[in-house]
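1. okay, sequence plus prediction incoming.
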Amino acid sequence: MDRNGEAAILKCLGPALRHVIDVGANVGNWTEMMLWNAPAATCLMFEPSRLATAELHKRYGASQRVFIRHAAVADSPGEMTFYEEPAHGETSSLVQRFAAATATAAIVEITTIDCEIERIGWDRVDYLKIDAEGYDFPVLKGARRSFEQKRIALGQFEYGHGWMLSGGTLACALEWLKGLDYESFLLKRGRLYIPRPEFYGEYFSYSNYVFCHSGTKHLISHLIAGPV
């Protein structure tokens, strides 16, 4: 997280964070850093892996600042097959070909960000972190109502090889967010760069993108470095 820039974002935003969502929490390393940087924040975590969820309960079960949901997140509620790797592997996924060959299939609950924000009763989400191993765009789509109402202040999603296997594209995701009045930036070494997918195309390699709307851009403006 120090190398990919996530630590810099959390250090920058920490004092302003109250309600945070961690989609694809795995064993909670990102949430640990967030809680350390944001002493007033509470976090709603989602993790479909049975083994990783057990680790989360060991780590955060006694915390008053963390809510753990054993579920996956997508664009509509229901059930799907989740491919879980041994030892809470970090590329367990709803995308079968993205998970390791040693993964085992299990049916898991699917929920959406819109549903969960209503369920927990939050009026806004200060930061939405998405690491859904190739299923990040459906997670974004499942928050459409919250984006339309500007209830999500800022957030990030991971892009990579899994997007190709799930049928998603970066260009479509960025355009979808733009249509809802959210601007996106490539996060690289603690700086934010204006993406140009029309120039470099779909490269399907590990990256993180940060998004915000016009009312929250000032919180990260000093990190914006220009076009990539």
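-> Thanks, I have the structure now.

2. low pLDDT regions in the chain?
-> Across the chain, the ranges flagged by pLDDT under 70 are 91.

3. tell me where it has helices.
-> Here the chain has its helices, by DSSP state H, at 6-13, 29-37, 50-60, 113-120, 136-141, 144-148, 161-166, 170-179, 197-200.

4. so what secondary structure elements neighbour the last one?
-> Here helix 197-200 touches helix 170-179, going by 3 or more Cβ pairs under 8 Å, 6 or more residues apart in numbering; DSSP states H and E. Yep, even glycine has a C-beta here, placed from its N, CA and C like the rest.

5. touching the helix it packs on from outside, list them.
-> Applying Cβ atoms under 8 Å, 6 or more residues apart in numbering, the set of residues contacting helix 170-179 from outside is 136-137, 140-141, 147, 157, 159, 163, 183-184, 195, 197-198, 202, 209, 211.

6. how far does it sit from the chain's center?
-> 16 Å (Cα atoms, centre = their mean, to the nearest Å).

7. list the buried residues in that helix.
-> Within helix 170-179, the residues scored as buried using 16 or more other Cβ atoms under 10 Å are 170, 173-174, 176-177.

8. swap in stretch 124-139?
-> 125-139.

9. quick check, Asn169 in contact with Trp163.
-> Let me fix one detail, which is that residue 169 is Thr and not Asn. Yes. Thr169 is within contact range of Trp163, at 6.8 Å (criterion: Cβ atoms under 8 Å).

10. find residues that contact each of these two.
-> Glu202.

11. of the two, who's got more company?
-> For Thr169 versus Trp163, the count of surrounding residues by other Cβ atoms under 10 Å is larger for Trp163: 24 against 16.

12. right, and that one touches Phe204 too?
-> Yes. Trp163 is in contact with Phe204 according to Cβ under 8 Å; the separation is 6.1 Å.

13. which residues does the most centrally placed residue in the chain contact?
-> Nearest to the mean C-alpha position of the chain, by Cα atoms, centre = their mean, lies Ile130 at 0.8 Å. By Cβ under 8 Å, 6+ apart, the residues touching Ile130 are 23-24, 73, 136, 139-140, 155-158.

14. the closest residue to Val66 other than its chain neighbours: neighbour count?
-> Among residues not flanking Val66 along the chain, Tyr60 sits closest, at 4.1 Å (Cβ to Cβ, 6 or more residues apart in numbering). Number of residues near Tyr60 (other Cβ under 10 Å) recorded here: 21.

15. Tyr60 contacts Gly28, correct?
-> Yes. The pair Tyr60 / Gly28 is scored as a contact, 6.2 Å apart, by Cβ under 8 Å.

16. find residues that contact each of those two.
-> In contact with both Tyr60 and Gly28: Met45, using Cβ under 8 Å, 6+ apart.

17. need the contact list for the residue nearest to Val66.
-> 28, 31, 45, 66, 68.

18. quick one, what contacts the closest residue to Ala41 other than its chain neighbours?
-> Computed as Cβ to Cβ, 6+ apart, the closest residue to Ala41 that is not its neighbour in sequence is Leu17, at 4.3 Å. Residues near Leu17 by Cβ under 8 Å, 6+ apart: 34, 37-38, 40-41, 126-127.

19. inside strands: which ones of those residues?
-> 126-127 (DSSP state E).

20. any idea how far the nearest residue to Arg144 once chain neighbours are set aside is from Ser214?
-> Distance criterion Cβ to Cβ, 6+ apart; nearest residue to Arg144, sequence neighbours excluded, is Asp114 at 6.9 Å. Distance, Asp114 to Ser214, using Cβ to Cβ, to the nearest Å: 21 Å.
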